[in-house]
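Q: Quick one, structure for this:
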Amino acid sequence: MHADRPSRGIRPGRECNRLVGSTTSPTARKRLVRLKRLVPLLATTGLLATALPLLAATQASAAPEPAYLKQKPAWQRCAGEGPAAYECATLKVPLDYRRPGGRTIDLAISRIRTAHPAQRHGVMLFNPGGPGGSGLQDPLLMEELMPKDVRDRYDLIGFDPRGVGASTPLTCGLTEDEQNINRPFRPETYRADLAWARTVADKCREKSGDLIPHITTRNTARDMDTIRAVLGERKLSYVGYSYGTYLGAVYAQMFPQRTDRFVLDSGVDPQRIWRGMIQVWATEAEPAFARWTRYAAERSAEFGLGATPEAVSTTLWDLVARADREPIDYYGTKFTGTDIRASRAVFFYPAQASEFVRQLKAAAEGTPLPEGAKAPDLRRLVGGARSGDPQPAADNGTAVLWSVLCGDTGAWPRQPERYARDAAKDGAAYPLYGDMASNVKPCAFWDRPVEPATAMTGRADVLTVQNEWDSQTPLASGLGLHRALKGSRMALAAGGEGHGVYLIDATSCVNPVVNGYLTTGRLPASDVTCQNPPADRQRRLSRNPVEPLPFPSVPGPFLAS
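A: Numbers count the residues shown, from 1 in each chain. Modelled structure (predicted):
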C-alpha cells in the first residue's frame with residue numbers, strides 16, 4: 001500500500017498507476033488495465049468525466065481504508081486550568097506508514113471549536129516550530145490572539161508532533177553537556193567534538209532506535225493528514241512557524257489537494273535542510289552584527305561601547321578574548337568567549353544586543369551593582385532560558401531535533417575531515433558563529449534516512465511571511481522558501497525584527513495581510529512588502545508560542561520566539 005495514498009478525500013490521479021499492480025483480484029486487475037487503456041479514447045469523445053468516478057470506485061474496493069483512519073477522537077477536557085472549551089484526545093497512528101497495520105504510537109491532539117458554527121470554514125492546525133516544539137497548547141494562545149473575524153471561521157487544532165511531549169515521547173538519555181550544539185572548532189579539541197557527535201548518535205540509537213527512523217518531517221505530515229481525516233475534513237488550513245514552515249511545505253507537496261489556507265511564517269529554505277540552515281545562522285549573523293555596531297556607535301553616550309562601528313566591534317571581541325582566557329563572572333553567572341559568540345541571535349536586535357554587551361563589559365570591569373539592585377538575567381535576555389514546564393524527558397526536544405535533522409535528508413557529510421575543513425574556513429569568513437555552525441554534528445554518524453527528502457516540485461498556493469531581521473530563519477532562508485513554492489506569495493515586514501511574525505508582533509504591518517487571507521482565502525495578487533514600525537521588544541509577545549529547546553546559550557533551532 002502506498003504510504004501517502006488518499007484517505008476520506010480526493011485521490012490524486014497518480015494513484016491510478018500505483019494501484020493497478022496492487023489489486024489482489026485478477027478480474028479487478030484486468031478491469032483496471034482495460035480502463036487505463038480506455039482513458040485516451042474516452043478523453044477524445046468527451047467521456048473522461050464519467051470514467052474517472054468509475055475508476056476511483058474500483059480503486060476504493062481494491063484498497064480498504066486502514067483501521068487507523070476509522071478511529072474517532074474521544075474528546076475530553078484537557079488537564080490543567082484551561083477553559084472547558086479546550087479539549088484533548090489521543091489518536092493512534094502508524095509508527096511506519098508503509099506498514100499501516102503494524103505498530104502504532106500515540107498522537108496527542110487538542111482543539112477549541114468555533115463559537116459561531118454558521119461562520120465556520122473548517123479546521124486550522126498549528127505548529128510552533130522546532131523540530132521538538134510542543135503545539136498542544138497552541139489553540140489556547142491563538143484563541144486569545146486571533147482577531148474575531150478570523151477566529152470565528154475555524155476550529156483551532158493543536159498537536160504534539162510524533163516523538164514530542166504527550167505523543168509517545170522520544171529520549172536519547174543525553175546529559176546537559178551532550179545537548180549543547182555550540183562547539184567551537186579548534187584543531188586541538190576536534191577529536192573531542194567527534195567523540196561528542198558519535199556519542200549522541202550512539203545513545204539515540206541504543207535508547208530509541210526503534211522509534212528514531214520514523215520521527216521525520218514526512219511522517220509528521222502524514223500524521224497531520226490523519227488528523228484531517230479522522231476529523232472528517234476534506235481540507236486542512238494551517239499556520240506554521242519556523243520549522244513549521246518546512247513541515248507545512250512538505251504537507252503541501254505530499255497532499256496538494258487537501259491543502260487549504262496555509263500560512264508559513266519565518267521560512268526554512270527547503271534547499272538548505274538541514275546543515276545549510278545551521279550554516280545560514282553564521283552567514284546572516286555578520287550583516288546583523290555590522291548593523292548592531294552602527295546602532296551602538298550612534299548611542300555611545302548611552303552604552304559606552306565605542307563612538308564608531310569599528311570601536312564597538314573591538315569592544316565585543318576584546319570581551320570574547322578575555323572570556324576565553326578566564327570566564328567573565330556576571331554577578332554569579334560565568335560567560336566564556338564561546339557563550340558570547342553563541343549568543344549570535346541577540347545581535348539581530350540592536351537595542352537588546354547593546355544592553356547585553358554593556359552589562360557584560362561592566363561585569364568584566366568589576367563594576368558593582370547599585371545598592372539593592374538585582375542583576376538582570378542575561379541568559380534570558382539572549383534567549384537561552386530553559387522552559388519551566390515539565391517535559392517527559394529532559395532531552396526530549398533535543399532527541400527529536402536530531403531525529404528530524406538527521407532523518408529528513410541523507411545530505412549530511414560522512415567524512416570527519418570535511419567538517420574540520422569547513423569549520424576552519426567558515427570560522428575565518430564568519431567569525432561570530434561560522435566555526436560552530438560548520439563543526440561536526442551527530443548526523444555524521446546517524447543511520448541513513450528511510451526515505452529521501454521531499455522535492456518541492458508542485459505548485460503551492462500558500463502565504464509565506466517574513467521579518468527582514470530574523471535571527472533563526474533569516475531573510476535569505478525565507479526568500480528560499482518562497483522561491484521553492486511555486487504559486488506562493490510573500491508578505492515581508494521591512495525593518496521587522498525577531499523570529500516569528502504573525503500575532504507574535506502585535507503591530508507588525510503584515511498582520512492585516514495574513515488576516516485577510518485567512519478570512520477570505522484569497523492570496524494577495526502579488527508579493528507584499530510593508531514598512532514595519534520602529535522596533536520595540538516590549539511589543540512582541542511576552543509568552544512564547546513555543547518552548548525553547550534545552551541549548552544553553554541560544555534559542556532552540558527554528559522556533560518562534
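
Q: So which residues of the stretch 401-550 of the chain form strands?
A: Remark: strands assigned in the stretch 401-550 of the chain by DSSP state E, counting those that start in this stretch are 463-469, 489-497, 528-531.

Q: Just name the most buried of those.
A: Taking mean count of other C-beta atoms under 10 Å as the contact definition, the stretch among these with the greatest mean neighbour count is strand 463-469, which reaches a mean of 26. From N, CA and C alone the C-beta is placed, and that goes for glycine too.

Q: re the thing from before, select, out of the strands of the stretch 401-550 of the chain, the one closest to P392.
A: Proximity to P392 (C-beta to C-beta) singles out strand 463-469 among those, at 31.3 Å.

Q: mind listing what that closest one pairs with, with the direction of each?
A: Based on DSSP bridges, the pairing partners of strand 463-469 within the sheet are strand 259-265 (parallel), strand 489-497 (parallel).

Q: Please name whichever of those strands is nearest to R418.
A: Of the strands paired with strand 463-469, the one closest to R418 (C-beta to C-beta) turns out to be strand 259-265, at 31.4 Å.

Q: Need the contact partners of that closest one.
A: Defining contact as C-beta atoms under 8 Å, 6 or more residues apart in numbering, one finds that strand 259-265 is touched by 121-122, 124, 235-242, 244-245, 248-249, 251-252, 460-466, 481, 485, 488, 500-502, 514, 517-518, 521, 560.

Q: Mean pLDDT and distance to P533 for the strands paired with strand 463-469 - can I get that in CSV?
A: Conversion of those to CSV gives the following (pLDDT from 0 to 100; distance: least, C-beta to C-beta, whole Å):
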stretch, mean pLDDT, distance to P533
strand 259-265, 98, 18
strand 489-497, 97, 8
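
Q: And those strands: which comes nearest T454?
A: Taking C-beta to C-beta, strand 259-265 is the member of the strands paired with strand 463-469 nearest to T454, at 13.4 Å.

Q: Let me know which of the strands paired with strand 463-469 is the nearest to R414.
A: Using C-beta to C-beta as the criterion, the shortest distance between R414 and the strands paired with strand 463-469 is 31.1 Å, found for strand 259-265.

Q: next SSE after that closest one?
A: Scanning the chain past strand 259-265 towards its C-terminal end, the next helix or strand to appear is helix 275-298 (assignment: DSSP states H and E).

Q: Would you pull up how far the helix or strand just after that next one lies from the middle of the chain?
A: Proceeding N to C from helix 275-298, the next assigned helix or strand is helix 300-303, under DSSP H and E. Between the mean C-alpha location of helix 300-303 and the chain-wide mean there is a distance of 37 Å, by C-alpha atoms, centre = their mean, to the nearest Å.

Q: Tell me which residues are up against the helix or strand that helix 300-303 is followed by.
A: Per DSSP H and E, helix 300-303 leads on to helix 309-325 as the next helix or strand towards the C-terminus. Under the contact criterion C-beta under 8 Å, 6+ apart, helix 309-325 has outside partners 289-290, 292-294, 296-297, 300, 305-306, 328, 335-341, 357, 360-361, 364.

Q: which neighbours does the host helix or strand of R111 have in its sheet, and in what orientation?
A: In this structure, R111 sits in strand 104-112 according to DSSP H and E. Strands that pair with strand 104-112, judged by DSSP bridges, come out as strand 87-94 (antiparallel), strand 154-159 (antiparallel).

Q: quick one: contacts of it?
A: 68, 73, 75, 78, 83, 85-95, 123, 136-140, 143, 155-160, 162, 165-168, 211, 223, 226-227.

Q: quick one: it to chain centroid distance?
A: Taking the mean C-alpha point of strand 104-112 and that of its whole chain, the gap between them comes to 19 Å (C-alpha atoms, centre = their mean).

Q: Looking at it now, give me its mean pLDDT.
A: On average, the pLDDT along strand 104-112 is 98.

Q: do the same with stretch 151-161
A: 98.

Q: same deal with stretch 282-299?
A: The model assigns stretch 282-299 a mean pLDDT of 98.

Q: Likewise for stretch 338-350?
A: Taken as a whole, stretch 338-350 has a mean pLDDT of 94.

Q: Just the buried residues of the contacts of strand 104-112.
A: 68, 78, 86-91, 93-95, 123, 136-140, 143, 155-160, 162, 165-168, 211, 223, 226-227 (16 or more other C-beta atoms under 10 Å).

Q: Who does L156 form a beta bridge with?
A: I112, M124.

Q: Can you tell me how far G366 is from R275?
A: Taking C-beta to C-beta, to the nearest Å as the measure, G366 falls 42 Å from R275.

Q: more neighbours, these two?
A: Summary of the neighbour comparison: G366 and R275, criterion other C-beta atoms under 10 Å, with R275 having more neighbours (20 against 7).

Q: for the more buried one, what are its contacts?
A: When contacts are counted by C-beta under 8 Å, 6+ apart, R275 touches A411, W412, P413, K441, C443.

Q: Pretty sure T226 sits against K70.
A: No. If you go by C-beta atoms under 8 Å, T226 and K70 don't touch, sitting 11.1 Å apart.

Q: and E188, how many residues sit next to it?
A: Neighbour count of E188, defined by other C-beta under 10 Å: 6.

Q: so it, which of the three states?
A: Classification of E188 by DSSP: H, G, I helix; E, B strand; the rest coil places it in helix.

Q: Let's see the pLDDT reported for the closest residue in space to D225 that isn't next to it in sequence.
A: With sequence-adjacent residues excluded and distances taken as C-beta to C-beta, 6 or more residues apart in numbering, D225 is closest to F255, at 5.3 Å. Predicted confidence (pLDDT) for F255: 98.

Q: next one: E65
A: On pLDDT, E65 comes in at 86.

Q: any idea how far R218 is from it?
A: E65 sits at a distance of 21 Å from R218 (criterion: C-beta to C-beta).
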